[in-house]
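> Based on what follows, work out the 3D shape:
(one chain, ligands or ions: 1)
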Amino acid sequence: MLVIDINNVKDIVKKAGMQSFLKELIIQLKNDFLNWEEFEKVSRVASHSAKGVIELMPISNKVFYSYKYVNGHPKNPILNKPTVMAMGALSHVDTGEPLCLSEMTILTALRTAAISALAGSYLAKKNSSVLTLVGTGAQSEFQSLAFATQFNIKTIKYFDVDECAMIKFEKNMSQYDFELIRCKDSMQAVKNSDIITTITADKTNQTILTTNMIEKGVFINGVGGDCPGKTELQKEIVENAKVVVEYLPQTISEGEIQQTGAEVVYCELYELIKGEKKGRVNSDEITLFDSVGFALEDFSVLKLVYDLAQQYDIGKRIDLIPNQKDPKNLFGLLI
Ligand code: NAD
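As a prediction, the model looks like this:
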């Protein structure tokens, strides 16, 4: 079985090139979402505790099965640990044989950014050039680069309650050709913006955006509200926007729509991708992608990384699964 660790992911992304990797991932996501009906889908299984959540996210089609283990613990950075950590596996459906075991903390950031940008390609104005980030933690650079694959992003405005997180973001983004504008609060950050990504971490109902901050024509990519009791937007914003979700049975208890109920939902993302529903229809609409993260996105990124690892001969084969001449002689492995 192939093991893909953090260094392997780094090598794969480096070899492919960050922007090319993100573009390829967006194509992979699009293709998988086009085949939405072929997947056996289920809401993730969540284990909640006082400080966070641990989730298992399985999905399969007729060929592959994947799952991801992921946590969300907003206070972890105080302990020098990431808020979100993940790992996952891809298996063959015909035999059940595990094909690869992979780090997925970086892959989660990549796939979350890629699905945000893909949703944005249907929901944001085509000429969007100003991106706002509220929250400049672990996901923020990935979000910026993914949107830049779909839009001519010239300016990034940002705000985080933690100044160190903004300094870190500026350092990482200085190698790219964006105008970076640090803001004193979210109100200033969202002004004159085309795309707003909210990506904060707090295990509570926060109000990062209120209706008076929302201008006509904006696309809101709500990413940080992804758990029961953990939201970022004022209820009225959700009620008045064109709301698109990933998988309604999961989002109804985890997304911004836990505040409103399902009646505000316009459609699931796959319906936009298949052309069954129209995305943005004019430049005044306020659109919202109520992102919580769905197992199909993990399936897509795992599949892509597994293919690239084989193509580039990256990763380590280890004996995690028995591979003996006589499959019935399991005991023989111990003598
Ligand atoms: P992180 O802890 O690295 O960063 C979060 C940042 O938000 C921190 O820098 C923190 O200071 C900032 N913040 C908290 N409250 C704020 C506020 N009121 N205003 C401005 N900034 C504020 O976490 P991360 O890995 O970047 O993840 C961010 C969020 O996104 C988490 O809530 C996580 O659960 C969620 N997430 C969602 C998906 C998805 O698919 N929807 C995927 C990954 C992560």
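> C-alpha only now, for contacts and for neighbours.
Noted.
> So stretch 179-194, near the ligand or not?
No - for stretch 179-194 and the ligand, the contact criterion (CA under 6 Å from any ligand atom) is not met; the two come no nearer than 6.9 Å.
> got a list of contacts for that stretch?
Stretch 179-194 is touched from outside by 124-125, 128-134, 154-160, 166, 170, 196, 208-209, 213-215, 217-219, with contacts defined as CA atoms under 8 Å, 6 or more residues apart in numbering.
> Over to stretch 42-52?
Around stretch 42-52, the neighbours that count as contacts under CA under 8 Å, 6+ apart are 53-59, 71-75, 203, 247, 249-250, 294-295.
> Buried ones in that stretch, by neighbour count?
43-44, 52 (16 or more other CA atoms under 10 Å).
> so which of the contacts of stretch 42-52 also contact the ligand?
Checked against the ligand using CA under 6 Å from any ligand atom, the contacts of stretch 42-52 yield the following neighbours: 72, 74.
> before we move on, the earlier item: which among the contacts of stretch 179-194 are in contact with the ligand?
Restricting the contacts of stretch 179-194 to those touching the ligand (CA under 6 Å from any ligand atom) yields 134, 159-160, 208.
> Look at Leu101 and give its secondary structure.
Per DSSP: H, G, I helix; E, B strand; the rest coil, the local secondary structure of Leu101 is strand.
> Provide a list of residues in contact with it.
1-4, 87-90 are the contacts of Leu101 under CA under 8 Å, 6+ apart.
> Could you do Met213 as well?
Each residue near Met213 by CA under 8 Å, 6+ apart is listed here: 187, 190-191.
> Lys203 now?
Lys203 sits next to 51-52, 73-74, 229-230 when contact means CA under 8 Å, 6+ apart.
> What is the burial count for the closest residue to Asp226 other than its chain neighbours?
Beyond its immediate neighbours in the sequence, the residue positioned closest to Asp226 (CA to CA, 6 or more residues apart in numbering) is Val292, lying 4.4 Å away. Around Val292 there are 22 other residues, counting by other CA atoms under 10 Å.
> how far away is Val292 from the ligand?
Applying CA to the nearest ligand atom, to the nearest Å, one obtains 3 Å for the distance of Val292 from the ligand.
> Quick check: which element contains that residue?
Element membership of Val292, judged by DSSP states H and E, is empty: it is in no helix or strand.
> Report pLDDT for it.
Val292 carries a pLDDT score of 98 in this model.
> wait, what's in contact with the residue of the stretch 1-150 of the chain found nearest the ligand?
Minimum separation of the stretch 1-150 of the chain from the ligand (CA to the nearest ligand atom) falls at Gly137, amounting to 3.2 Å. Gly137 is in contact with 165, 169, 199-200, counting by CA under 8 Å, 6+ apart.
> Let's see if you can find the most crowded of the residues you listed.
When neighbours are counted by other CA under 10 Å, Thr200 leads the contacts of Gly137 with 25 neighbours.
> where's the closest residue in space to that one that isn't next to it in sequence relative to Lys235, distance?
Distances taken as CA to CA, 6+ apart place Gly135 nearest to Thr200, at 4.7 Å, with adjacent residues excluded. Relative to Lys235, Gly135 is positioned 20 Å away (criterion: CA to CA, to the nearest Å).
> Those two: which has the busier surroundings?
Regarding Gly135 and Lys235, a neighbour count based on other CA under 10 Å identifies Gly135 as having more, with 24 against 18.
> list the contacts for the more buried one?
The neighbours of Gly135, taking CA under 8 Å, 6+ apart as the test, are 158-161, 198-201.
> Report the buried members of those.
Neighbour counting with 16+ other CA under 10 Å marks 158-160, 198-201 as buried within those.
> Name the residues of the protein found near the ligand, please.
For the chain, the residues in contact with the ligand (CA under 6 Å from any ligand atom) are 72, 74, 83-84, 109, 112, 134-139, 159-162, 165, 199-202, 208, 223-224, 226, 291-293.
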